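J.: Based on what follows, work out the 3D shape:
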Amino acid sequence: MEVLMLYPMFSMVLLTFIVACIAVKARFASVKNKTVRAKFYSLMKVRKFLT
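T.: Here you go, the predicted structure:
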């Protein structure tokens, strides 16, 4: 029974990595084509909406 549980878990991990790779590739392509500025993808930037 435990072995059968590993197949769906492995599939979910694999799907997560595939989607993450596609997202990173799309980000680099959009910056390379100058569709979006690189600053748009800056990390850890918090906007204050209520203040």
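J.: Would you mind confirming that residue 27 is in contact with residue 40?
T.: No. Counting by Cβ atoms under 8 Å, no contact exists between residue 27 and residue 40, whose distance comes to 9.2 Å. To be clear about C-beta, it is placed using only N, CA and C from the backbone, and glycine gets the same treatment.
J.: Can you pull out the low-pLDDT segments for this structure?
T.: Along the chain, the model assigns pLDDT under 70 to residues 1-2, 44-51.
J.: follow-up on the earlier one: neighbour count winner among residue 27 and residue 40?
T.: Using other Cβ atoms under 10 Å as the criterion, residue 27 and residue 40 rank with residue 27 on top: 14 against 11.
J.: Name the helix or strand for residue 22, please.
T.: Assigning secondary structure by DSSP states H and E places residue 22 in helix 2-32.
J.: Pull the distance from that helix to the chain's centre.
T.: 8 Å (Cα atoms, centre = their mean, to the nearest Å).
J.: residues of that helix that come out buried?
T.: Buried residues in helix 2-32, counting neighbours by 16 or more other Cβ atoms under 10 Å, are absent.
J.: and it, what other elements does it pack with?
T.: If contacts are counted by 3 or more Cβ pairs under 8 Å, 6 or more residues apart in numbering; DSSP states H and E, helix 2-32 sits against no helix or strand.
J.: mind checking how far the most centrally placed residue in the chain is from residue 12?
T.: Most central residue of the chain, judged by C-alpha distance to the mean C-alpha position with Cα atoms, centre = their mean, is residue 20 at 3.9 Å. Summarising the geometry, the distance separating residue 20 from residue 12, computed by Cβ to Cβ, to the nearest Å, is 13 Å.
J.: And for residue 35?
T.: The value you get for residue 35 to residue 12, if Cβ to Cβ is used, is 31 Å.
J.: swap in residue 36?
T.: According to Cβ to Cβ, residue 36 stands 29 Å off from residue 12.
J.: cool, and residue 24?
T.: 19 Å.
J.: Please report how far the residue nearest to residue 37 when sequence neighbours are not counted lies from residue 5.
T.: Here the nearest residue to residue 37 in space, its sequence neighbours aside, is residue 31; by Cβ to Cβ, 6 or more residues apart in numbering that works out to 7.5 Å. Distance from residue 31 to residue 5, counting by Cβ to Cβ: 40 Å.
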